[in-house]
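Novice: Okay, here's the prediction I keep looking at, along with the sequence it came from:
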Amino acid sequence: MAGGVALGAAAPAMGGALAPVSNIFLRLIKSIIAPLLFATLVYGIAGSGSVKTMGRIGGKAILYFEVVTTIALFLGLAAVNLTRPGDGMTLQAGGETGVPKAAVTLTSILEHTFPRSIVEAMAAGEVLQIVVFAFLFGAACVSIGDKARPVVDLCESLGEVMFRYTKFVMYLAPVGVFAAMAVTVATKGLGVLVGLGKLILTMYAAQLIFVTLVLGSVMMMFRIPLRRFLAAAREPFVIAFSTASSEAALPRALENMEKFGVPKHIVAFVLPTGYSFNLDGTTLYLSLASVFVAQAAGIPLSFGQQLLMMLTLMLTSKGVAGVPRAALVILAGTLSSFNLPMEGIAVLLGIDAVMDMCRTSVNVLGNCLATAVVARWEGISLEEQPAAQA
């Protein structure tokens with residue numbers, strides 16, 4: 001990652017030329033997602049032997065997601081009101097954002113959750129639709145019993161093959177990360193790392209507080225082994241940070257959390273579901289960014305208005321998993337709803353690469369922790385087992 005920054009700054013032309021390398025790595029990663037999710041989730045549900053068990057796990061996961069993301073929203077709100085990074089800025093009218101206004105409604109979110117074609121959902125990388133289909137498919141396997149055994153065995157084998165496929169692709173991770181950082185710095189310039197510094201520092205500080213205080217408290221509450229968890233989550237976190245892609249980190253997160261001791265059916269359900277419902281880093285960013293735009297435009301927002309904005313974000317932030325520039329799409333819709341200047345998007349675009357690295361990595365870390373929390377909630381021990389005596 002450091003090498004990519006250095007190359008992009010010293011030789012922008014050479015750094016920009018590495019875009020195909022970065023794109024190839026990310027395309028290979030995305031090719032893993034659909035078959036791996038389908039196989040592990042179907043086998044996990046069939047292995048649990050009970051749709052009721054999966055329903056209970058799903059209920060616990062959704063409750064946890066809502067509590068933690070709400071805390072993230074209000075932490076972002078507190079941070080932006082405390083530091084006021086938008087004060088003194090003047091938005092330039094007429095900036096072209098390149099981001100569509102989001103028209104997210106409860107109806108559209110519900111409709112978009114259910115696939116009309118599993119092939120289409122897999123091709124488009126619609127994680128939540130794949131989860132819904134795999135859940136129903138796995139439930140059908142459980143309901144017909146032994147007749148589904150060949151299908152379940154096939155999914156078990158497919159999952160193992162995809163984990164080995166992931167291992168092969170991860171040999172390219174250092175090269176892919178190097179290229180991604182080189183391209184970002186070469187195309188955006190080093191200014192992207194220092195521009196709008198107060199907002200960047202506020203964002204990173206708020207995310208750090210969220211990770212240490214909120215997620216740290218959760219780990220203590222559920223007695224999750226800190227050192228082993230950090231060792232399991234480290235690689236997915238670094239991949240997410242350096243590529244700014246949650247999808248790039250998902251295969252390794254699935255594998256590492258299973259090795260950590262979380263049962264396969266919990267990992268396979270909670271982790272991908274969290275990609276739609278547990279975007280801790282993104283929700284914190286959205287609350288911070290929306291109030292920042294109001295500050296930069298000189299528009300005072302009452303506490304009631306800010307509270308209403310948070311309630312809006314709680315709904316709309318759940319509907320954009322897998323959408324490119326998802327945070328900016330949702331932010332555009334929020335600004336439009338509250339009559340705030342859309343030019344704020346143009347200002348934020350300049351530093352979005354740096355912001356995206358932070359919020360994406362916190363999303364991944366929060367979802368890894370969610371699998372461990374649900375496992376402990378289900379009464380599963382995550383302590384390291386002693387080695388068997390010879």
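Specialist: Now that the structure is in, tell me what you want to look at.
Novice: Count the neighbours of the closest residue to residue 244 other than its chain neighbours for me.
Specialist: Nearest-residue entry for residue 244: residue 356, 4.2 Å, with adjacent residues in sequence omitted and distances by Cβ to Cβ, 6 or more residues apart in numbering. Using the backbone N, CA and C atoms, a C-beta is placed for each residue, glycine as well. When neighbours are counted by other Cβ atoms under 10 Å, residue 356 registers 23.
Novice: Point out where the stretch 201-350 of the chain drops to low pLDDT.
Specialist: Scanning the stretch 201-350 of the chain for pLDDT under 70 picks out the ranges 315-326, 329, 333, 346, 349-350.
Novice: Helices along that one, start to end?
Specialist: 216-221, 226-243, 246-260, 264-277, 280-296, 303-316, 326-337, 343-349 (DSSP state H, counting those that start in this stretch).
Novice: would a markdown table of those helices with distance to residue 200 be doable?
Specialist: A markdown table is the format used below for these (distance: least, Cβ to Cβ, whole Å):
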| stretch | distance to residue 200 |
| --- | --- |
| helix 216-221 | 23 |
| helix 226-243 | 14 |
| helix 246-260 | 20 |
| helix 264-277 | 25 |
| helix 280-296 | 11 |
| helix 303-316 | 20 |
| helix 326-337 | 15 |
| helix 343-349 | 11 |
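Novice: Residue 53 is nearest to which of the ones you listed?
Specialist: Between residue 53 and the helices of the stretch 201-350 of the chain, the tightest spacing by Cβ to Cβ is seen for helix 264-277, at 7.9 Å.
Novice: what packs against the closest one?
Specialist: Other elements packing on helix 264-277 under the criterion 3 or more Cβ pairs under 8 Å, 6 or more residues apart in numbering; DSSP states H and E are helix 19-48, helix 51-83, helix 127-144, helix 246-260, helix 352-377.
Novice: picking up where we left off before, tell me the most buried of the helices of the stretch 201-350 of the chain?
Specialist: Of all the helices of the stretch 201-350 of the chain, helix 280-296 carries the top mean neighbour count, a mean of 27, counting by mean count of other Cβ atoms under 10 Å.
Novice: which other helices and strands contact that one?
Specialist: By 3+ Cβ pairs under 8 Å, 6+ apart, helix 280-296 packs against helix 51-83, helix 197-209, helix 303-316, helix 326-337, helix 343-349, helix 352-377.
Novice: And those: which comes nearest residue 297?
Specialist: Nearest to residue 297, of all those, is helix 343-349, at 6.9 Å by Cβ to Cβ.
Novice: For the closest one, C-alpha coordinates in CSV please.
Specialist: Output of helix 343-349 as CSV, limited to C-alpha atoms (Å, rounded to 0.1, in the frame of the first residue of the first chain):
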residue,chain,number,x,y,z
GLU,A,343,-22.9,21.0,-4.6
GLY,A,344,-21.8,19.4,-1.3
ILE,A,345,-21.4,16.1,-3.2
ALA,A,346,-18.9,17.7,-5.6
VAL,A,347,-16.9,18.9,-2.6
LEU,A,348,-16.9,15.4,-1.0
LEU,A,349,-16.0,13.6,-4.3
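Novice: so which of the helices of the stretch 201-350 of the chain gets nearest residue 147?
Specialist: helix 264-277 (20.3 Å).
Novice: Local confidence estimate at residue 159?
Specialist: Here the pLDDT value assigned to residue 159 is 83.
Novice: is it true that it touches residue 41?
Specialist: No - look at residue 159 against residue 41 with Cβ atoms under 8 Å: they stay out of range, at 9.2 Å.
Novice: Settle it for me: which of those two has more neighbours?
Specialist: The residue with more neighbours, out of residue 159 and residue 41, is residue 41; 29 against 25, by other Cβ under 10 Å.
Novice: Who are the contact partners of that one?
Specialist: Going by Cβ atoms under 8 Å, 6 or more residues apart in numbering, residue 41 touches 131, 134-135, 138, 265, 268-269, 272.
Novice: What of residue 66?
Specialist: 277, 314 are the contacts of residue 66 under Cβ under 8 Å, 6+ apart.
Novice: Distance of it relative to residue 238?
Specialist: Note on residue 66: its distance to residue 238, by Cβ to Cβ, to the nearest Å, is 28 Å.
Novice: Looking at the helices of the stretch 201-350 of the chain, which is nearest to residue 82?
Specialist: Nearest of the helices of the stretch 201-350 of the chain to residue 82, taken as Cβ to Cβ: helix 280-296 at 10.7 Å.
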